[in-house]
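Participant: Sequence and predicted structure below; questions after.
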Amino acid sequence: MAKVTVQQIAKELSVPTGQVIRILRDLGVPENEAKSGLDKQTAETVKSMAQELEEELRTLLLPPQISVRELAQALECAPTAIQKKLMEQNMLVGVTQKLEKEIVESIVEEFGLKARWEEPSKPQEPVAKIKSIGSAIRPPVVTILGHVDHGKTSLLDYIRNSKVVDKEFGGITQHIGAYQVEVEGKLITFIDTPGHAAFTAMRARGAQVTDIAVLVVAADDGMMPQTVEALNHAKSANVPIIVAINKIDKPQANPTRVKTQLVEHELMPEEYGGDVIVVEVSAHTGEGIDKLLEMILLVAEIAELKADPNAPFVGTVIEAKMSVGRGPVATVLAQQGTLRVGDNVVVGAISGRVRAMFDHQGKPIDKAGPSTPVEVNGLREVPVAGDRVEVVSDEGTAKRIAEERKEQAKDQAKSSQTRRVKLEDLKKLIQAGELKDLNIILKADVSGSMEAIRDSLAKMEVPDGVQMRLIHSGVGNINESDITLAIASNGLVLGFNVKIETNAHQIAKAEKIDVRTYNIIYVLLDEVQRALKGLLEPVYEEVHLGTAEVRAVFKLSRGITVAGCYVLEGKIVRNALARLKRGQEVAHDGKVTSIRHIKEDVREIAAGYECGINMGDFTAFKEGDKIECYDEREVER
């Protein structure tokens, strides 16, 4: 008896064979039987039942991110068939490029099907579902911040040399960006960051690794501008702060003056009736160091820091480098679960396999539990500080996830989806419920101006449900540290009678941070108040790009009209704004939707070349028309 194939059933029902196989599997038909063909009676039963499940059969389950090639595989057609349909919509797309959901849905609909989207996959795929024994107390992770000359490094060195774990291993301490010390049988993990900018840069990338911040202030110097910066960075991270007043052995030491300054910056010491722990120490003599470590353990105990060593592993890259003879090396802080030698990992958009691990003394170890810093060998590339580390089931899965993340990063870079707070958008964000905290970084030329603006902002009327937070204010030009803090807190930067440093300006531009500078105080305050009320509109200027002359008109199939043009000056850019002028009159205002040059779609074309220009639905081109291409760019007030 002739067999009926799955392909025949799919053709009769006008659906992909994959859909029929899925229904057969749900109906309990063995896979080998489905592949070898069905007898006529079974086939009729399947078709009859399939008709009852017609809606499900015609619903294609697709991943939330899908490329042209992947969509072609799901629809069981050639990628070129998808590309042709996209070209009909004036889109030239490569086979690996991800498509927007609306476009995918329209293409699927043309195939007589309906798209349904899978739930986004979880960020990590654990090696195995190990039954959890529950959360256990973990060591606190501590970052030391402060002014560059106030003894941060000396303090860390003293702690490391006097309290480092496992000193019998030879006492060799290599720099891996983090290390552990033992106090009364309990561990403390210190992260050795170069400064508060690096500390905040990690937060800007979504990495929150610090449990406690220790702010170091020199007893003979007091609170300096960089100390205040470090304090505000720690406050922004919303972590407990312990103050270590260092250099108390110096003749000029004046701890009382430092405590008074702390009060001025809203840090009330315990001895003054507040809740901020202040410890007087000397990194030179070691005085007070034991008490500082005890206070760190006390704060950690109150916080009840816990993690599950048997949960799927999650960690964060503290620092990374390319090592001669070892390749990419990363210092990873374990946060949840346990990392083991041999694990397949995804680090940001990089895959790899843990070939070896070393602790901060260079001692090889097989596994690392929560709050343990380790140096890891085996990654394919050098990751970035702040990258998330996850363990996955196998090497293939690691590579696939890494590739998907690279594609997502490219797509995000192209579409510039990063939503930053801008003055013009405040009212809109507030009304949409997307803005709860308006974070402001303020810089001024002198302390008097800074205090006047700060006080006026504090008294300003803000909409219900929104809190204006001045997360940092200081004297001096706007620097990289200010921009980094704005990135991490999604804030904006206001400057009075100051300039923005070159590097800071470049970072702000790349990260789309709104930086405003003023030389009249009431103008600054007026703009902020108007922005909160939705009265501040963006200012745009028109930037001329180029002009082309229409020298012939071609009518193509599907009702598309193309103007054969010669570019007179500048350049014509695809998707740029354009107006078509007939004499002195503007006959049409729209966009350049496509440009063709010698049968090739191009992104732009320069003066002296011929090309075909399409302006969407506009078809009434005439020889002699001029197409002026321009851009509208927002300008600073």
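Facilitator: That came in fine, so what should we check first?

Participant: contacts and neighbour counts: CA atoms only from here.
Facilitator: Noted.

Participant: Using the three-state scheme, assign residue 440.
Facilitator: strand (DSSP: H, G, I helix; E, B strand; the rest coil).

Participant: what's the burial count for it?
Facilitator: Other residues within reach of residue 440 by the criterion other CA atoms under 10 Å amount to 21.

Participant: do the same with residue 452
Facilitator: For residue 452, the number of neighbouring residues by other CA under 10 Å comes to 11.

Participant: and it, how far is that from residue 526?
Facilitator: Here residue 452 is placed at a distance of 14 Å from residue 526 (CA to CA, to the nearest Å).

Participant: Likewise for residue 229?
Facilitator: For residue 229 relative to residue 526 (CA to CA), the value is 26 Å.

Participant: Which residue of those two possesses the greater neighbour count?
Facilitator: Just comparing residue 229 and residue 526: by other CA under 10 Å the higher neighbour count belongs to residue 229, 23 against 12.

Participant: so the more buried one is in which element?
Facilitator: In the assignment (DSSP states H and E), residue 229 maps to helix 225-237.

Participant: Tell me the buried residues in that helix?
Facilitator: Along helix 225-237, the positions that meet the burial threshold by neighbour count (16 or more other CA atoms under 10 Å) are 226-234, 236-237.

Participant: For residue 120, report the pLDDT, please.
Facilitator: According to the per-residue confidence, residue 120 scores 55 in pLDDT.

Participant: for residue 416, same thing?
Facilitator: We have a pLDDT of 42 for residue 416.

Participant: Likewise for residue 537?
Facilitator: Confidence at residue 537, expressed as pLDDT, is 56.

Participant: swap in the one 3 residues further on?
Facilitator: As summarised for this prediction, residue 540 has a pLDDT of 75.

Participant: Next secondary structure after the host helix or strand of residue 525?
Facilitator: Element membership for residue 525, per DSSP H and E: helix 521-532. Moving toward the C-terminus from helix 521-532, the next helix or strand (DSSP H and E) is strand 540-555.

Participant: List the buried residues of that next one.
Facilitator: Buried residues in strand 540-555, counted by 16+ other CA under 10 Å: 545-553.

Participant: Same list (these) but as JSON lines, adding distance to residue 145 and pLDDT.
Facilitator: Below are these laid out as JSON lines (distance: CA to CA, whole Å; pLDDT from 0 to 100):
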{"residue": "545", "distance to residue 145": "49", "pLDDT": "95"}
{"residue": "546", "distance to residue 145": "52", "pLDDT": "96"}
{"residue": "547", "distance to residue 145": "56", "pLDDT": "96"}
{"residue": "548", "distance to residue 145": "59", "pLDDT": "96"}
{"residue": "549", "distance to residue 145": "62", "pLDDT": "96"}
{"residue": "550", "distance to residue 145": "64", "pLDDT": "96"}
{"residue": "551", "distance to residue 145": "67", "pLDDT": "95"}
{"residue": "552", "distance to residue 145": "68", "pLDDT": "94"}
{"residue": "553", "distance to residue 145": "68", "pLDDT": "92"}
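
Participant: Nearest spatial neighbour of residue 276, chain-adjacent residues omitted?
Facilitator: Nearest non-adjacent residue to residue 276, counting by CA to CA, 6 or more residues apart in numbering: residue 269, 4.6 Å away.

Participant: pretty sure that neighbour contacts residue 280?
Facilitator: No: in this structure, residue 269 is not within contact of residue 280 by CA atoms under 8 Å, at 11.9 Å.

Participant: tally of neighbours for the closest residue to residue 515 other than its chain neighbours?
Facilitator: Excluding its sequence neighbours, the residue lying closest to residue 515 (CA to CA, 6+ apart) is residue 493, at 4.7 Å. Burial of residue 493 is recorded as 23 neighbouring residues (other CA under 10 Å).

Participant: And stretch 342-361, how far out from the chain middle?
Facilitator: When C-alpha coordinates are averaged (CA atoms, centre = their mean, to the nearest Å), stretch 342-361 and its chain have centres 22 Å apart.
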